[in-house]
Structure formats: C-alpha cells, structure tokens
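**Q** Quick one: sequence plus predicted model below, questions after.
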Amino acid sequence: MTMILTADEQDVVTELMNMGVGRAAGAFSRLVNDEVILSVPEVAFVGIAEAQRVFDASIPDVLAGVRQSFDGFIAGAAALLFPEERSLELVRAIIGEDMPAEEISELEQETLAEIGNIILNNCLATIANALHSEISSSLPETYTGDKQGFLSFLCDPPPEARMSAEPPLDGSSSVLLLVQIDFSLRRRAIQGFLAFAIDLRSAASFRAKINEYLEALSG
Amino acid sequence: MIRSASPGQVRLLDVLDCGVALFDSEARILLWNYWMERSSGIKAADVHGRTLEEVFGDQVSTVLSRTVRDACTDGLSALLSNQLHRYPIPLTRGSGVRAVAMEQSVLVRPLPRYSDVPGAVCVMQVSDVSSAVRRERHLRESRTELRLRNRAIEASSQGIIIVDARKEGRPIIYANPAFTVITGYPAEEVLGRNCKFLQGPDVDQPGLDAIRAALSEQREGMAVLRNYRKDGTLFWNELLVSPVFDTDGVLTNFVGIQRDISKRRKIEEQRDQAMADLRQANEKLSHEQRFTATVLRTIGALVAVVDRRGRIVSFNRACETATGLPEKQALGTRLADLIPDQGAWGYFRLDQGATTPPQGLRTGLVSHSGDRRSIRWSFSHLTNGDEMATHLICTGIDVTERDRAYALLQSERTILEMVARAEPLDSLMGRLCEMIESQLPEQRASLTLLDARSERFVRAIGPSLSPDFLSVFEGREVAPSLASCGPVAHFGHPHYSYDVLRDPNWSEFREICEASGVRSCWSVPILSSDQAVLGSFDCYGAMPHLPDNSSIEVLLRAARIASIAIERHRAAERIQYLALYDQLTGLANRALLSDRLQSATSHAMRHDGKLALLFIDLDGFKPINDAYGHDAGDVVLAAVGNRVRAALRTTDTAARIGGDEFVLLIEDVQNAASVMVVADKVLRTLCQPVQWQGETLHVGASIGIALFPHDATDADALLTAADDAMYRAKQAGKNRWVWGQEQRLIGDLGAESPSMP
C-alpha cells in the first residue's frame, strides 16, 4: 500500500524534520567546532523500489552510515549517511588524527557510531517532544558498503526486535519516509544526509499524532 | 535489594567481563555488578540508590549523566565512544601502584518493557577498551612508520623496483618515480614485465653473473650494467639486487635499486685520465731529476750551487771528495771559505761585492784535512722568471794532478838534460830529491848508493836531510834486516816502513830518526837495465804513513831516472878509463902518462919541485912470447903491471907505453937516493919469476932514469932522456938502471954508482 499524506500533513512532517535536524545540527556543530549548513528537507513516502531509484540518483555509490532503530508512537530506523571516503575524515576532523581515510579502525567505527547517535537521537527526541509522544531508540550500528546493501540494512529489524516474537519487516510491509537533508561543514568539504524508514504498521499512529499536532497549532 | 530478589541473575552479571549498572527512572543505581566494584573500587552496597553524580561528583562526565537521564526519561540509547569520551567514569584497571585509568566505551539504553529487574528502566554497560586502544595505537605507529618508508621510497633519487619472485617471469610489481626519471619508463609500462628489457641488446652481461652468484647465496648482489633508457640511450646502471624472504625463509621478492652512474663514471674517467697524465708528468720530471742527480753525482767535475750571498745550496759528490766535506755539512756555508785565495772570494757570490770572474779562473781549494788542491773554475747563472740571477753555478775541474804531472814531467826533462850533459852525479841526485819533494810536499828524499858489486852501501845523497842521518848507512853491508834500504837492495823490491819507530828493521836507528824528525820511510830500488840493484831511493815522512799509488808512481819514476843517471855516469867513467889505461895491466897508457907528465912538470915548475921518470924495458920478454905464445906474454905483462904498481906510492903513476915498455912517474922527489931505492925495488920485484901453466918464466928489466929539472925541463925531453938512459942500460948489459946525465947527477944528488942487483 502507499501512504499518501495531505499537503498539510506533508508540511508538518517537513517542519518536524527541520526542527529535529536543526537541533541535531546544533549538537553536531558543537562536536566538530564548525558551522553546519543545512538544506531544506525533502520529504517523501516511497516504496522499496522507489527508494532504491532515489538512492541510485542521489547518494554516493560507496557509503558509510550509522543506523538507529526506534520504537514508540512510530517505529522504524533512521540513518545518517556519508560518502564512504569522507566519513572517517569526519571522525578525524573531530578527534584530530592525521591518518588516511582508508585506514578504518575499530575505535573509529565506534566514534562514527557515536556521531550518528548524537545526531539521530537529537532528531528523534525533537520530533517525539514536538508530538508529545514517547519514542525509544536502539544503540547505533555502523554500515560500510555499497548503496544497494544499505537499503536492506536500513530495513533490517533492530537487534531487540530480532529477539522478539514479532515478524520482521519486509519489503512489502515497509514504506520509507525518505527525508533527505544535505548538510555540509563550512570549513571541511563534508556532506551527508539523513534517511528515515518507517514501519507501515505504525504509520497510522504517526498520522494521528501529526493531525493532533495540526489541531493544536490551529486550535 | 536486587541481589536478594534475584540472586542467580546477579551472579551471572558478576561473572561478565564488562561493567553493568541498572538505573531506576530517577537515574538512581539499582544494580552495580562485581566488575564495576572492582574497576571503581566502590562496593555495590555503597552506590545503591544513589545517582552517578552522587557517587562520583565531578569525576563523572556530564555527558554520561545526561545520557543516562535521557535514557531513563526519553528511552534514548546512546553510545559514548572512547575517542570522544575517554574516561566517562573514573575506573581503573590493574591494582595497587600498577593501577591505570581505564579506557572505556559506554553503552546506555532504556530497558525493554519486559525487564526482569523491577524498577530498572536503563542499563549502562561499560567495556574496557584499553587493549584495543593500545593495539590500535601500535598499529597506527607502525603504519605511520610504513607510510614514511613508502614516502622515502617514493622520494628516493634511486630507482627502486620490486619484483615478485614467486610468479612466472618474475614481473615487476612496483616502480618508484625515480625509476621513471632514470629509465624514462613510466611505472604503468613496466608493471607485470620482467626487468630484462632494460638491458636492450646487451643481454647476459658479465655483471649479472656476480648478482646471480650472490643471490644463490641468499645475499644481495651488486653490479654495474649497461642499460638502455626508453629513448634508446645508454646509461651505466649501478644495480643492487636484494632478495626478500618471508618468515618461512621462502624467497618472495627481489628489490632492485638502480642508480644512474653515467655522470659519475664520466667524471671518474676524466679524473683517472687526469691522474694518469699527472703521474706521467711526474714520472718524467722525477726521471729527469734522477738523471740530473746521477750526472751530478758521477761526473768528476766539482759542481757547487751558491745563492746570492755565496752560501752553498748544492754540493755534488766530486765536491765532497775534493773537500772531504759531506754535502749536509757544506750546505749553508760559504764556498769562498774553502778557497784560500782571498782575492778570488768576490767571484763566488752574486750580491754586493761580487766581481766577474776571469776566464779559466784558478784557485786553491782547501780540504777538510788541510790538503790543498788546485781548481780551474767556470761559472754560470741560474735566473728566475724576471731574468734576475738567483744562484751561481760554480763548476770546477780539479787540476791538481795535472799540475803535478806537468811539474813532474818538467823536472824529469830538466834532470834528463842534466844527465845528457853529463853533469856531476851528486848534483843530479840532489835535483832528483828536490823533484820528489816538490811532488810529495811532506816528504824528504835521499838516495843510498851501492858499490859496483851491490854488496855495500857507499854513500847517501839527500839535500834536505842532515849529514849525520845520511851517513848512517855508509859502508854498511847489504842485509835484509837493515832499515828499508837493506831489504830493497837485497830483494830488489820496494819496502815501505809505516812507522820507523816501531819497525824492528829500524830499531838501531831510532835515536837518529827521532832526532831528524823521521817517522816513515818508503824505499824503492834503483835498478840497472840488467836488473842489478844500484841503490835505494828513500823517502822520509814526519808522520807514520804509507804511500798512495801516485806517490809510489813518482818514486818509481825518480828511481828510474836515478838509474839512468848512474848508469850513464858509470858508462862515462868506463869510456874514460878505456881511453887512459892499458887494458892488460891496468896501468896508465901513453896518453894518460903524457897528460900526467905534462901536469906534473907544470906543477913542479911552479913549485920548484923535482920529478923522476923511470923508463923500463923488459929483458928476455920476446923469447917468452916466441916460446910460449902471447898468452904467456900477457900473463907476464900483467904480473909486471901489478908489481910496479905495488912498488909505487898512490900518488905516482905507472904506465905501459908499448909492448914491453913501461914508464914510472914519481912526483915530489926529494933526492936521487929515494929514486934509486925505487929503481932497485923495481928491478928486484921484476926479477921474480912468473908462473904460467906449470912453467916458470923469467924476465928482467933495463931502466933509464931521467930527473926533472936536471935532465930536461919539459915533458917530452924528459921522456927522451929516460929512453936514452934505458938504452945505455941495455948496452951496459941489461938488468940495471942508468941515470940520464950520469956525471952531473951523481954529484948533485950524492948518489952512488949504478949497482947490480
């Protein structure tokens, strides 16, 4: 099935994302001690196949990313993506090591995970607060590889869910809320973007929350 | 307490190798496992129900506190990585003094709804990542090192290639930029190829064998190869090939290091050529120097080089020999100091006071031992670049020997002229001695002459020696032990006495030698043409000394001249004797008698003296001659000669003037009686028989006596008067004597009548 948002709903989602990403960018900016420039989020609900087409057109072939699952009024996974060769440079920009980017180490992977964790948590927390809802997130997981593999990685259930009795998400039961936000650092040529995949089964409650939010704004 | 609520679970958490803490919704600690107790040093009982801030105060990071609070309230999971949050909680690893701060990785997350621990909403899990940090730090360091090495290889000016030794064809798997610079081949063109292509047409160069041999012994090999660049030009490649082995000792790679030494080689070749040229020039120069030095050393001429002030800077072997001064001592001294002629000093310098030497300058040269030599000099200048004379080359020819030889020849000629003029032997001998002494300045010479039979020394002649000394050998018989002249006369060989005071031959003459200042004696024989010894030529020195060859030569030449002079003298005497004496009887002949008679009459005339002349004619001589032959007659005549000579004084003269006619000249006659005594004596002695081959031969004599001035006043008349008287004696019956003017003389002289014997 396809989830179609009304224009108003779409605006709310965009605004919420803007808020979340704005706070995340603030945290990120403190972390890297540099100004973070954000683009206007592009929000679209797409299927797996459509998502793959969007990825093919807009993100680098080889990428490094951090994924976090979330659950609550809305369930799914969020990911922060960088072109693979730039991701570790980002780490080094933060921790100040002079090493070539291809030398990926265990500790650097963990650091990349924390950076993603900070941004994604801020983003999720802001949205949840704005919608007066509760949301819990899992620990971040890193991914390194090509963009085809990334889509399935993004849609994989979180480790906690894998242990539970609930059936996993599959392609047909998932719809992706693709929120594409380009961000870059002023002093360093680093770009990245965010992607959210939302479990269809929670889409209804999400829509309800958006509408509550709309009513509160208009009311 | 949680522990009591679920002891089994608590024990499980206690054995985990990570820290686990559970928090309630107010972020208060509900559980604190054993790992946390150990790492924090705080017991679970002491933390229970308290927040992290309450337990650790400032030492817990605010990020961790906030993260725990966010997890408890919002349900957000978070990761605190080690690189961003090195020490979120003050934990240590190890114990005691070895305890160090623990590097951590902290996970914080909300607990799911189905949590087993009542009231727990958040779990914190702490991992010790110290070992990972250490490992990665080490890894990073070694990678840094590796990267530096890689950069060094990339930046090296030496061409470096790496070959995979395990693959077929041993392809190149790496080539650095310098390789491209040297060979002109970009790396991508050579990768996968065998590096043989560099050798171009010159495959299997000898240098490769050296490398192969080295590699077979698993060590690196080096060689210089002719290689070709991509553009075909040749370069000299100094190639070092080093084998690389893996940990199992299996050959995996070769590393080839190339250096283009074409330039260096060219420079080396140029340098070698320059060195060779230099060496050749040096050799030529030193050869010339050696040649010059050899010439200077071996030539007989004296070559001395002096500076402007006349100081010697070079002094050749001939100079050393002539002066007795080694070059070392001579250097720096003035050459003029060796020259006794003060007037010549100015010639041996170039500075002030220098004068231009005349052609063929001759000066003396005093040797170290005081000998004086005669040198003829010539000079030339050494000039520097400015044509300024810096040194004077003095070349001298030692003309001492030549001068001496010339003087010797002169003396010899003079003496031989004297010999030819038959000058007296003594003055000749004197001149010979002077000649020796001028040739051998330290010597005094003498000749010690032998009698005619070479048995006895008769006299010695030596103008420089005292008569006392000369007389010691007079009359001495020849003996081999007699001084030096004795063995010379005895053996006919030279005899040199080094020191007469120590020579046993001279022991009896020591005193006179000391008194005369004689210390050495060199004697050579004076030999006649038939090798008979005529005497000894002796040379006396004041110091113990032996003659050198030239001295001996001079002595022998003098002895030869002496021999000629003596023989010449003896021959002259013999001629004179033959002219004036009768061979058979040894009496004077008519010529000598006439001469003697003449001088005797002149003498007597001047001094009012008296002479007597006895004319003897033998009686009975002819019959003996006829009966027994001339030999018998000659024997009789010789006997008569001896007898009349014996009857006379040495001042008187007996002569044979014809076959059996004799005349006796008696000088300084006092009276007639003394004449008669002689006449009687002659008659008596002639009457004595003469024995000849067993026969007894008898002769008698008729004697006529003439007196001067009674019978005649000149020689001829006196002889005629005596002849006349002899005839009268014959007529009177022979064997008697008769006065020339019988009556008057008898009366005057008071003589008796002629008597019969």
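**A** In hand now; what should we look at? Here the structure is a predicted model, which means the values were calculated and not measured.
**Q** B:Asp634: neighbouring residues, count only.
**A** Neighbour count of B:Asp634, defined by other C-beta atoms under 10 Å in any protein chain shown: 14. Any C-beta I mention is one placed from the backbone N, CA and C, and that applies to glycine too.
**Q** per-residue confidence at it?
**A** What the model reports for B:Asp634 is a pLDDT of 90.
**Q** That one reaches B:Leu584, doesn't it?
**A** Yes. B:Asp634 sits in contact with B:Leu584 when judged by C-beta atoms under 8 Å, with a separation of 5.8 Å.
**Q** low-scoring pLDDT stretches of chain B, where are they?
**A** Scanning chain B with the threshold set as pLDDT under 70 gives B:1-10, B:113-115, B:742-757.
**Q** Next to chain A, which bits of it? Give me the list.
**A** With C-beta under 8 Å from any C-beta of the partner chain as the criterion, chain B meets chain A at residues B:70, B:74-84, B:105, B:107, B:109-110, B:112, B:129, B:132-133, B:136, B:139-140, B:143, B:147.
**Q** let's see 6 Å
**A** Listed as neighbours of chain A in chain B under the rule C-beta under 6 Å from any C-beta of the partner chain: B:74-79, B:81-84, B:107, B:109-110, B:132, B:136.
**Q** got the end-to-end distance for stretch B:543-551?
**A** Stretch B:543-551 has an end-to-end distance of 15 Å (criterion: C-alpha to C-alpha, to the nearest Å).
**Q** Now do the buried residues in it.
**A** Neighbour-count burial for stretch B:543-551 flags B:His545, B:Pro547, B:Ser551 (criterion: 16 or more other C-beta atoms under 10 Å in any protein chain shown).
**Q** from those residues, which single one is nearest chain A?
**A** Within those, the smallest distance to chain A is 105.0 Å, found for B:His545 (C-beta to the nearest C-beta).
**Q** where does the closest one fall, helix, sheet strand or coil?
**A** Look at B:His545: counting by DSSP: H, G, I helix; E, B strand; the rest coil, its state is coil.
**Q** one step back: would you write out the PyMOL command that picks the buried residues out of the residues of chain B next to chain A?
**A** The PyMOL command for the buried members of the residues of chain B next to chain A (criterion: 16+ other C-beta under 10 Å) is given here:
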select buried, chain B and resi 74+75+76+77+78+79+81+82+83+84+107+109+110+132+136
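**Q** ranges for the strands of chain A?
**A** For chain A, strands defined by DSSP state E occupy the ranges A:36-38, A:42-46, A:62-72, A:76-83, A:135-137, A:141-146, A:174-180, A:183-185, A:191-199.
**Q** I'd like to know which of these lies nearest to chain B.
**A** Going by C-beta to the nearest C-beta, the one of the strands of chain A nearest chain B is strand A:135-137, 3.1 Å.
**Q** That closest one and chain B, are they touching?
**A** Yes. Strand A:135-137 is in contact with chain B by C-beta under 6 Å from any C-beta, via A:Ser136, A:Ser137.
**Q** Find the nearest non-adjacent residue to B:Asp403, please.
**A** The spatial neighbour of B:Asp403 that comes closest, neighbours along the chain excluded (C-beta to C-beta, 6 or more residues apart in numbering or on different chains), is B:Ser374 at 5.2 Å.
**Q** That neighbour is in what secondary structure piece?
**A** strand B:372-383 (DSSP states H and E).
**Q** quick one: contacts for residue 109?
**A** No chain in the question, so chain A it is. A:Thr142 (C-beta atoms under 6 Å, 6 or more residues apart in numbering or on different chains).
**Q** meant chain B actually
**A** A:Leu139, B:Ala71, B:Ser77.
**Q** ok, now with 8 Å
**A** A:Ser138, A:Leu139, B:Ala71, B:Ser77, B:Ala78, B:Cys122, B:Val123 (C-beta atoms under 8 Å, 6 or more residues apart in numbering or on different chains).
**Q** what do you get for B:Leu470?
**A** So B:Leu470 contacts B:Ser446, B:Arg459, B:Ala460, B:Ile461, B:Gly462 (C-beta under 8 Å, 6+ apart).
**Q** Distance-wise, check the residue in the stretch 1-150 of chain B that chain A sits nearest to relative to A:Ser138.
**A** Nearest residue of the stretch 1-150 of chain B to chain A: B:Gly75, at 3.1 Å (C-beta to the nearest C-beta). For B:Gly75, the distance to A:Ser138 (C-beta to C-beta, to the nearest Å) stands at 10 Å.
**Q** And for B:Asp403, the neighbour number?
**A** Around B:Asp403 there are 14 residues (other C-beta under 10 Å).
**Q** Helix or strand: which one has it?
**A** Here B:Asp403 is assigned to helix B:400-420, by DSSP H and E.
**Q** Show me what secondary structure element comes after that helix.
**A** Next along from helix B:400-420, by DSSP H and E: helix B:425-439.
**Q** just so I have it, where are all the helices in chain A?
**A** A:7-32, A:48-58, A:84-95, A:106-130, A:147-155, A:159-163, A:203-218 (DSSP state H).
**Q** For B:Val255, which of those helices is the nearest?
**A** helix A:84-95 (30.9 Å; C-beta to C-beta).
**Q** what packs against that closest one?
**A** helix A:7-32, strand A:62-72, helix A:106-130 (3 or more C-beta pairs under 8 Å, 6 or more residues apart in numbering or on different chains; DSSP states H and E).
**Q** in the second one, what's buried?
**A** Going back to what we said before, that points to strand A:62-72. Neighbour-count burial for strand A:62-72, counted by 16+ other C-beta under 10 Å, picks out A:Leu63, A:Ala64, A:Gly65, A:Val66, A:Arg67, A:Gln68, A:Ser69, A:Phe70, A:Asp71, A:Gly72.
**Q** That one: partners in the sheet, and parallel or antiparallel?
**A** Here strand A:62-72 has these sheet partners by DSSP bridges: strand A:76-83 (antiparallel), strand A:135-137 (antiparallel), strand A:141-146 (antiparallel).
**Q** and B:Ala407, which of those is closest to it?
**A** Using C-beta to C-beta, these put strand A:76-83 closest to B:Ala407, at 125.4 Å.
**Q** residues from chain A in reach of chain B?
**A** Residues of chain A lying near chain B (C-beta under 8 Å from any C-beta): A:31, A:68, A:72, A:91, A:94-95, A:97, A:99-100, A:103, A:105-108, A:110-111, A:113-114, A:117-118, A:121, A:124-125, A:128, A:134-140, A:160.
**Q** For the residues you listed, which ChimeraX command selects only the ones that are buried?
**A** Buried residues among those (16+ other C-beta under 10 Å), as a ChimeraX selection:
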select /A:31,68,72,91,94,97,99,105,107,108,110,111,113,114,117,118,121,124,125,128,135,136,137,138,139,140
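**Q** returning to that earlier point: mind putting the strands paired with strand A:62-72 into TSV with mean pLDDT?
**A** Output for those, formatted as TSV (pLDDT from 0 to 100):
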stretch	mean pLDDT
strand A:76-83	85
strand A:135-137	87
strand A:141-146	84
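**Q** one step back: mind checking which of the residues of chain B next to chain A are in helices?
**A** Using DSSP H, those in helices are B:Asp74, B:Ala132, B:Glu136.
**Q** Pretty sure the last one sits against A:Glu110.
**A** No. Shown here, B:Glu136 and A:Glu110 do not form a contact pair, counting by C-beta under 8 Å, at 10.8 Å.
**Q** now B:Pro90, what's its secondary structure?
**A** Relying on three-state DSSP, one would call B:Pro90 coil.
**Q** That one: how many residues sit nearby?
**A** 18.
**Q** any idea how far the residue lying closest to it once chain neighbours are set aside lies from B:Leu91?
**A** Of all residues not flanking B:Pro90 in the chain, B:Gln59 sits nearest, at 4.3 Å (C-beta to C-beta, 6+ apart). Counting by C-beta to C-beta, the gap from B:Gln59 to B:Leu91 is 10 Å.
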